[in-house]
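J.: just a sequence and a predicted model for now, questions to come.
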Amino acid sequence: MDEILIKEAKGEDVSTIKGILYDTAVWLKKKGSTQWAGLLKGEDVHNIQKAIEKKEVFLVYSNNEVIGTFALWDVQTEWDKDLWGTADHNNYYYLHRIAVDRSRPEKSKGRRLIEGAKEIAALNHKKGIRLDCIASNDRLNAFYSNHNFRYVNTVKDYDNGEGLQDYNLYEWKV
């Protein structure tokens with residue numbers, strides 16, 4: 001079995017992480033999605049550089065090779081506040097920018113990233129993890145449901161800066 005290691009990202013990891021995120025945006029575009037389209041224009045609404053400095057970005061390794069990245073915000077972003085509201089937001093992580101390295105043919109990378117995020121939440125005594133995803137992406141919604149994230153709500157017609165979109169909210173509790 002492959003050895004899985006989750007590491008907090010460091011400054012020298014910025015180009016690796018941005019490369020994975022960009023490649024994911026290209027992949028999404030090829031599939032007909034506008035999700036993460038800002039990355040293709042050089043926009044970084046999540047400010048990954050600053051998130052790394054704040055120790056909120058992680059790399060997941062399998063056999064010493066990066067298989068993906070994700071960000072866990074301890075404090076709600078404006079985006080999270082809009083979608084989740086501010087009631088009962090304490091002691092949760094907000095999962096963002098989960099992306100696998102598509103150049104590696106290895107299976108189960110997404111599952112390993114999710115397990116890594118859950119492990120960090122448990123180790124840091126969080127209540128759980130919250131996330132959002134585009135409601136029309138059946139495959140992604142099934143992925144989160146299959147990994148014990150509970151559907152909470154759908155936010156209709158949210159203006160994501162590129163148009164109106166429906167978002168499903170999911171929560172996993174420790």
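T.: Structure received. Keep in mind the model is a prediction, meaning the values are calculated, not measured.
J.: can you pull the contacts of K81?
T.: Residues in contact with K81 (CB atoms under 8 Å, 6 or more residues apart in numbering) are H89. Glycine gets a C-beta too; all of them are placed from N, C-alpha and C.
J.: any regions of the protein where pLDDT drops low?
T.: Counting by pLDDT under 70, the chain shows low-confidence ranges at 1-2.
J.: Y158: what's it in contact with?
T.: 82-83, 164-167.
J.: same check, this time on Y92
T.: Applying CB under 8 Å, 6+ apart, we find Y92 in contact with 126-130, 171.
J.: now swap in K109 and tell me
T.: Contact criterion CB under 8 Å, 6+ apart gives 60, 62, 67-68, 100-101 as the residues in contact with K109.
J.: next: Y93.
T.: Contacts were defined as CB under 8 Å, 6+ apart; by that measure Y93 touches 72-74, 117, 120-121, 124, 126, 128-130.
J.: same deal with S33?
T.: S33 makes contacts with 134, 137, as judged by CB under 8 Å, 6+ apart.
J.: again with R112
T.: 4, 60, 62, 67-68.
J.: any buried residues in stretch 93-112, and which?
T.: Along stretch 93-112, these residues count as buried under the neighbour rule (16 or more other CB atoms under 10 Å): 93-101, 109-110, 112.
J.: same check, this time on stretch 142-162
T.: When neighbours are counted by 16+ other CB under 10 Å, the buried residues of stretch 142-162 are found to be 143-144, 147, 149, 155, 158, 160.
J.: give me the subset of those residues lying in strands.
T.: Using DSSP state E, the members of those that fall within strands are 155, 158.
J.: nearest to V14 among the buried residues of stretch 142-162?
T.: Nearest to V14 among those: N160, at 24.3 Å, using CB to CB.
J.: contacting residues for the closest one?
T.: Taking CB under 8 Å, 6+ apart as the definition, N160 has no contacts.
J.: that one and I98, how far apart?
T.: In this structure, N160 and I98 are 17 Å apart, going by CB to CB, to the nearest Å.
J.: pull the longest helix from this structure.
T.: With residue count as the measure and DSSP state H as the assignment, the chain has helix 14-30 as its longest helix.
J.: for that one, name the packing helices and strands.
T.: helix 37-40, helix 48-53, strand 57-62, strand 65-73, strand 92-100 (3 or more CB pairs under 8 Å, 6 or more residues apart in numbering; DSSP states H and E).
J.: return that helix as CSV; C-alpha atoms alone will do.
T.: In CSV, the C-alpha atoms belonging to helix 14-30 read as follows (Å, rounded to 0.1, in the frame of the first residue of the first chain):
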residue,chain,number,x,y,z
VAL,A,14,3.6,28.0,-4.3
SER,A,15,4.4,27.1,-7.9
THR,A,16,3.5,23.4,-7.4
ILE,A,17,0.2,24.3,-5.9
LYS,A,18,-0.7,27.0,-8.5
GLY,A,19,0.3,24.5,-11.2
ILE,A,20,-2.1,21.9,-9.8
LEU,A,21,-4.9,24.5,-9.5
TYR,A,22,-4.3,25.9,-13.0
ASP,A,23,-4.3,22.4,-14.5
THR,A,24,-7.6,21.6,-12.7
ALA,A,25,-9.1,24.8,-14.1
VAL,A,26,-8.0,23.7,-17.6
TRP,A,27,-9.5,20.3,-17.0
LEU,A,28,-12.8,21.8,-15.8
LYS,A,29,-13.0,24.0,-18.9
LYS,A,30,-12.5,21.0,-21.2
